[in-house]
Structures are given as C-alpha cells and as structure tokens.
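Colleague: Here is my input, please return the structure:
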Amino acid sequence: MKLKNGRVVIMGASSGIGAATALAFARRGAHLVLGARGREGLDDIARRCVAAGADVELGVVDGTDAKGVAAFARAARKALGGIDLWFSNIGIGVVGKYTEVPLDDHRRVIEANLVSHMHDAHAVLPIFLEQGHGIWVNMISAGGFVAAPYAAAYSASKFGLRGFSEALRGELYRHPRIHLCDVYPTFVDTPGFSHAGNYTGAALSYPPGVLAPEKVADAIVRLAARPRDTTVVGAPSGMLRLGELATPVATKLMGRFMDKWAQRADRTGDTTGTMYAPPASASGIHGGQRRPEPQRNTALVAGVAALGVAIGAGWWHRRSAN
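Modeller: Model prediction:
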C-alpha cells in the first residue's frame, strides 16, 4: 500500500492509539475515515488530521452493533472509493477480582474487545475479497500472550483475538494480497486506564516502562508498507512466546503482586468508566503517566530480566511436574 493517498479506516479513533495512528497516517497524506462512539473525541482528532493536510470523514458507530459496523463500512468504501487498510482498535477493560466484578461488565469487555473486531472483519473482508487486496490490522496487546489476573475478561478477549486472526489466515491462504496483521504492544500511555471499569478500590496507574502511543502508531504505519502477521511493540517478540512457558508461575506471581498493589494504592470508589458510554469530552492521545526516557529504559531492562526469571521458573515447574 502506498501511504500517499492511501485509503484508511480506523475504528476506535477518538483517543489513544487510534487517534495517534490517525494523525500518523494524516501526516503521510492518507485519506481517512474515522469511527468511534464519541463525537467529541472524533471531532478533536479530525481537526488535528485536517491541520496535517488529510482528507477526513467521520462516523459515529458502536463496534458492538454489527449492523451499524456494516453500514459504516459501506459508507467508508463509498467515501474513499475502496479501502486499503482497516484498523480494528476498539478496546476497553475492567479491573478487579473476577467474582467481584459484575458479569455484565465482563460481558461488555468481551463484546467490545473481541466481538467488535469480529464485526469489523465480517464487514471489511468481503470488500477486500472483491478488490483482491487489503490490510486488516488487528490491535490485540501483549495480553494476547500473557494472562492478567484482575483482568480475566480482558485476557479472555485478547487470547480470543489471537486465535480469531490465526483462524482467518487459514481461510484466506488463497488470497496472498489480503493481509491480517496482529499488533501486540506492551503497556501504552493512553487514556485507557481512566476509561476502564475499576472494582479494586485502588487508583489505577501504569507501570514503569509504559510506551508512547506514537510508537505503536508508527509500527502500524509501517505495516501499511510492509504487512506482517505479528508485530510486537515494546518487547522482543520471542520473549512473549517464550513467556507462555512461564504461565503457571508467572500468573501466580502476578496475582500476588496485584493483591499487594490493591491494598497499598491510593483509594478510590468503584466505577464502570466509559464501558457503556463514550467520554463526555475529548480524551486525547496520551494518559499523562509516562516517565522520562532513562527511567523507561531501566524499567524495560528490569522487565525483561523478570520475564527471563519467570520463564526459567516456569520451565523448572513443568520439568518438576513431569
């Protein structure tokens, strides 16, 4: 795909990674159709994209509404004259012990994080097949490899997304010009935590080493020029796959860590965040929690070292069990 005059659709474009990606494509001369639930957030990022010289169309759409997504895809195709790249980026979360979070909230996370991406694919893949080409970028996260205690529904949705993409690739093997690209960032400094549901009683904050949204956006833009199945941002891809060996030990360690964190963090009340309605105002791209560069690098080294220890512990655990 040529970036100049490329025809790009972004779902979940009103804040965070989606907004950063819209701006990154706008600066490279792409034509954009942006979708999200919140009009205020869409208007905010559209102004920035227009200022960067892009042509922009907007659509207020809820990704959990299959008919609404299908209509949005038809309108985007008509506006652009075709679709070269579709970025499925809708994602929400709820934090808390599984039994202490209402089932309706767990269900909402699955609907937003997994089912909405399935709606996107069902709407755009027929367009790609008719065109004979297209790139579907599927935002997953490192959570598609590493389970997260206190975020069981989030883990289920991200593991499900990874399997969904792999299954679709198996179906589309006869269409080499249609690419399904999964993106797995580690923690990213977006408004995501301020939007999340929270039943821990503790104020949410990102760990050290959090990524800038622009770093993920740049990786997605690169996929437009050179599609690939798997892109990991913020850690070596091999570490995530090796990390699966550590799952029995790593999840227990993470569970203990989360228990201690929930007891020590600043106190706050329960909230559903923006799971059921868009923010009342524009949220922007950043969450405002990133630390200076040297500290992030130190944290990344520490995180990689900790993951290495967990992998070794997981290997020893499985070997001992056998």
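Colleague: before we move on, could you check phi and psi at the residue nearest to Phe187 when sequence neighbours are not counted?
Modeller: In space, and not counting its chain neighbours, Phe187 is closest to Val210: 4.6 Å by CB to CB, 6 or more residues apart in numbering. (Glycine included, C-beta is placed from N, CA and C.) Dihedral angles of Val210 (phi, psi; degrees, to the nearest 10) stand at phi -60, psi 140.
Colleague: For Val210, give its distance to Leu3.
Modeller: 27 Å (CB to CB, to the nearest Å).
Colleague: between those two, who's got more neighbours?
Modeller: Val210 (22 against 18; other CB atoms under 10 Å).
Colleague: Hmm, Asp189 and that one touching each other?
Modeller: Yes. Taking contacts as CB atoms under 8 Å, Val210 lies within contact range of Asp189: 4.6 Å.
Colleague: give me the element Trp136 is part of.
Modeller: strand 134-139 (DSSP states H and E).
Colleague: Which residues does the next helix or strand after that strand contact?
Modeller: As assigned by DSSP H and E, the chain's next helix or strand after strand 134-139 is helix 152-171. Here helix 152-171 makes contact (CB atoms under 8 Å, 6 or more residues apart in numbering) with 93-94, 98, 101, 105-107, 109-110, 112-114, 117-118, 121, 125, 138, 140-141, 143-145, 147-148, 180, 182, 229.
Colleague: Show me those residues that map onto helices.
Modeller: Secondary structure from DSSP state H places Asp105, His106, Arg107, Val109, Ile110, His117, Met118, Ala121, Leu125 of those in helices.
Colleague: For Gly197, see how far away the nearest residue to the second one once chain neighbours are set aside is.
Modeller: In this structure, His106 finds its nearest non-sequential neighbour in Ala153, 4.0 Å apart by CB to CB, 6+ apart. Counting by CB to CB, the gap between Ala153 and Gly197 amounts to 10 Å.
Colleague: same deal with Asp104?
Modeller: For Asp104, the distance to Gly197 - CB to CB - is 10 Å.
Colleague: more neighbours, these two?
Modeller: Gly197 (23 against 10).
Colleague: Verify the stated contact: that one with Tyr276.
Modeller: No. The criterion here is CB under 8 Å, and Gly197 misses it with Tyr276 at 9.1 Å.
Colleague: Can you tell me what sits against the host helix or strand of Val69?
Modeller: Using DSSP H and E, the element containing Val69 is helix 66-80. The contact list for helix 66-80 (CB under 8 Å, 6+ apart) reads 7, 9, 11, 31, 33, 35, 57, 59, 61-63, 83, 86, 116, 119-120, 122-124, 127.
Colleague: I'd like the distance from stretch 58-78 to the chain centre, please.
Modeller: Distance of stretch 58-78 from the chain centroid (CA atoms, centre = their mean, to the nearest Å) equals 19 Å.
Colleague: Buried residues, it. List them.
Modeller: Of the residues in stretch 58-78, 58-59, 61-64, 66, 68-70, 72-73, 75-77 count as buried by neighbour count, 16 or more other CB atoms under 10 Å.
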